[in-house]
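In: Let me see the structure of the following:
(one chain, ligands or ions: 1)
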Amino acid sequence: MAYINDNFIKIPATYLFSEIAKRVAQHKTENPEADIIRMGIGDVTLPLPDASVDAMITAANEQRKSETFRGYGPEQGYDFLRNSIVENDFKSRGIDIEADEIFVSDGAKSDTGNIGDIFGLQNRVAITDPSYPVYVDTNAMGGRAGEPSASGQWTNLIYLPCNMANNFVPELPKEKVDIIYLCYPNNPTGTTLTKEQLTVWVNYARENNAIILFDAAYEAYITEENVPHSIFEIEGAKDIAIEFRSFSKTAGFTGTRCGYTVVPKSVTALSENGEKVSLNKLWLRRQTTKFNGTSYVVQRAAEATYSPEGKKQVRALVDYYMENARIIRHSLEAAGLTVYGGVNAPYIWAKTPDGIGSWEYFDYLLKEKNIVCTPGAGFGPAGEGFVRFSAFGIRENTIRAMKRLEK
Ligand SMILES: *Cc1c(COP(=O)(O)O)cnc(C)c1O
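Out: Okay, the predicted model is just below:
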């Protein structure tokens, strides 16, 4: 008899986006004429930058000829891409990161989900609440989360509530933790940490021998000066942090698939016999064992985002979504809602009116306004009483949706 990993069946079955899809489908069945505008799921709508498509065509043609054909590439990614990343995402900001600290992948979801492989089950894990569901669910699958409780919290995870009372800046945990997930600019709240606020966490990690797993998938959306684009802008972070990046939200790669993870050679954690072990070496071992690299064609597409034209085209994509964000923020405020985010992130986090529940407000917007948002409760207990609006829609739909709301 074969047995399953029982951790999988502990995870509540109702997945956020399938529940949303179910409710939208039912509304559509009952109202076939309804002109539904989707501002829920976090996928982009604009096409890839031309520079990336051109690079893929060129690379695909290389794959056609035996002289230029490429088979398995380096598991960590091709040098051309890792060197471009180092130059453009780090050296240009005065951050000293080397190419062998960059691990190219098929996206940040895989990396933020897989990173748990290299950490022991005895680690105490802290996760901001609300959060991107991957952090909680992969810790649950790995057996590091304990048991789910009626409150929606896992018994072994330490939740760091982000709410109006703390202005969405998590407070340091009261008990000692070993691993901390931070995502800034944040999905789902759209809020950020300033350099000073992130420094508090870096100092905590240094003092407590903890590791920060920093998800910077929305780095490109930062507009304000004092918001760090990388955790490695903070002094001392290179000893305690791993950073995740993605081309998905930056350059429209959600369907093309490319991201990377930075594991500085100076980051270490303890083995059971108390030895300091390099996490860069462990992650290299993990990736070379379980991953055979991102496709050559896609890595060329990612590299092209750093060309002069590529940079301009990426900037135009980000600016387009951020104008949507400005419109959404403005309209929600005009409609009398209290809103957060939308300044350094493509998400707007809105307090539901009159303290009604997330799903109740979701249903109201769906049935009365034909607008689909994302209920905040789906991102964790502290998300109850909020909904998330995405700025990834097309402009015309964003404007039409907001007109309906202002009425
Ligand atoms: C979208 C997203 C990602 C990952 O995206 P990939 O497409 O897998 O690169 C990672 N983290 C957060 C917070 C996201 O919202």
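In: Could I have the CA atoms of stretch 55-73 written out in PDB?
Out: Extracted C-alpha coordinates of stretch 55-73, given in PDB (Å, rounded to 0.1, in the frame of the first residue of the first chain):
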ATOM      1  CA  ALA A  55      14.800  38.100 -28.800                       C
ATOM      2  CA  MET A  56      12.700  34.900 -28.600                       C
ATOM      3  CA  ILE A  57      12.300  34.800 -32.300                       C
ATOM      4  CA  THR A  58      16.000  35.200 -32.800                       C
ATOM      5  CA  ALA A  59      16.700  32.500 -30.200                       C
ATOM      6  CA  ALA A  60      14.100  30.200 -31.700                       C
ATOM      7  CA  ASN A  61      15.800  30.500 -35.100                       C
ATOM      8  CA  GLU A  62      19.100  29.600 -33.400                       C
ATOM      9  CA  GLN A  63      17.500  26.400 -32.100                       C
ATOM     10  CA  ARG A  64      16.600  25.600 -35.700                       C
ATOM     11  CA  LYS A  65      20.300  25.200 -36.800                       C
ATOM     12  CA  SER A  66      22.800  22.600 -35.500                       C
ATOM     13  CA  GLU A  67      25.600  25.200 -35.300                       C
ATOM     14  CA  THR A  68      23.600  27.400 -32.900                       C
ATOM     15  CA  PHE A  69      21.300  24.800 -31.300                       C
ATOM     16  CA  ARG A  70      21.500  24.600 -27.400                       C
ATOM     17  CA  GLY A  71      20.400  21.700 -25.300                       C
ATOM     18  CA  TYR A  72      20.600  21.600 -21.600                       C
ATOM     19  CA  GLY A  73      21.900  24.900 -20.200                       C
END
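In: Going along the chain, name the strands of the stretch 201-350 of the chain.
Out: 211-215, 241-246, 259-262, 268-270, 276-278, 339-341, 347-351 (DSSP state E, counting those that start in this stretch).
In: Quick check: bridge partners of V125?
Out: L157, I179 (DSSP bridges).
In: Contacts only, for the closest residue to Y296 other than its chain neighbours.
Out: Distance criterion CB to CB, 6 or more residues apart in numbering; nearest residue to Y296, sequence neighbours excluded, is R70 at 4.7 Å. Where C-beta positions appear, they are placed from N, C-alpha and C, glycine not excepted. Contact analysis of R70 by CB atoms under 8 Å, 6 or more residues apart in numbering lists 62-63, 296.
In: would you turn those residues into a markdown table with pLDDT, distance to G42 and neighbour count?
Out: Shown next, in a markdown table, are the contacts of R70 (pLDDT from 0 to 100; distance: CB to CB, whole Å; neighbours: other CB atoms under 10 Å):
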| residue | pLDDT | distance to G42 | neighbour count |
| --- | --- | --- | --- |
| E62 | 98 | 33 | 15 |
| Q63 | 98 | 31 | 13 |
| Y296 | 98 | 28 | 20 |
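In: out of those residues, which one sits closest to the ligand?
Out: Using CB to the nearest ligand atom, Y296 is the member of those that lies nearest the ligand, at 18.4 Å.
In: For the closest residue to R286 other than its chain neighbours, give me phi and psi.
Out: Once flanking residues are discounted, R286 sits nearest to D117: 5.2 Å by CB to CB, 6+ apart. D117 adopts backbone torsions of phi -50, psi -30, taken as degrees, to the nearest 10.
In: so how many other residues sit close to D117?
Out: 15 (other CB atoms under 10 Å).
In: I'd like the contacts of R70 as CSV, with distance to the ligand appended.
Out: Output for the contacts of R70, formatted as CSV (distance: CB to the nearest ligand atom, whole Å):
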residue, distance to the ligand
E62, 25
Q63, 23
Y296, 18
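In: out of those, who's nearest F80?
Out: Y296 (10.0 Å; CB to CB).
In: So V372 is in contact with D35, correct?
Out: No. Counting by CB atoms under 8 Å, V372 stays clear of D35, with 11.7 Å between them.
In: more crowded one of the two?
Out: Using other CB under 10 Å as the criterion, V372 and D35 rank with V372 on top: 22 against 9.
In: and the more buried one, bridged to which residues?
Out: Listed beta-bridge partners, V372: R38 (assigned using DSSP bridges).
In: Might you report the residue contacts of it?
Out: By CB under 8 Å, 6+ apart, the neighbours of V372 are 20, 24, 36-40, 362, 365-366.
In: Give me the distance between the residue nearest to Y296 and T289.
Out: 22 Å (CB to CB, to the nearest Å).
In: Before we move on, what's the pLDDT of G40?
Out: You'll see G40 listed with a pLDDT of 89.
In: Neighbours of E147, how many?
Out: Using other CB under 10 Å, E147 has 10 other residues around it.
In: Near the ligand, which residues of this protein are found?
Out: Within reach of the ligand by CB under 6 Å from any ligand atom, the chain has these residues: 42, 107-109, 112, 132, 183, 187, 215, 217, 246, 248-249, 254, 259.
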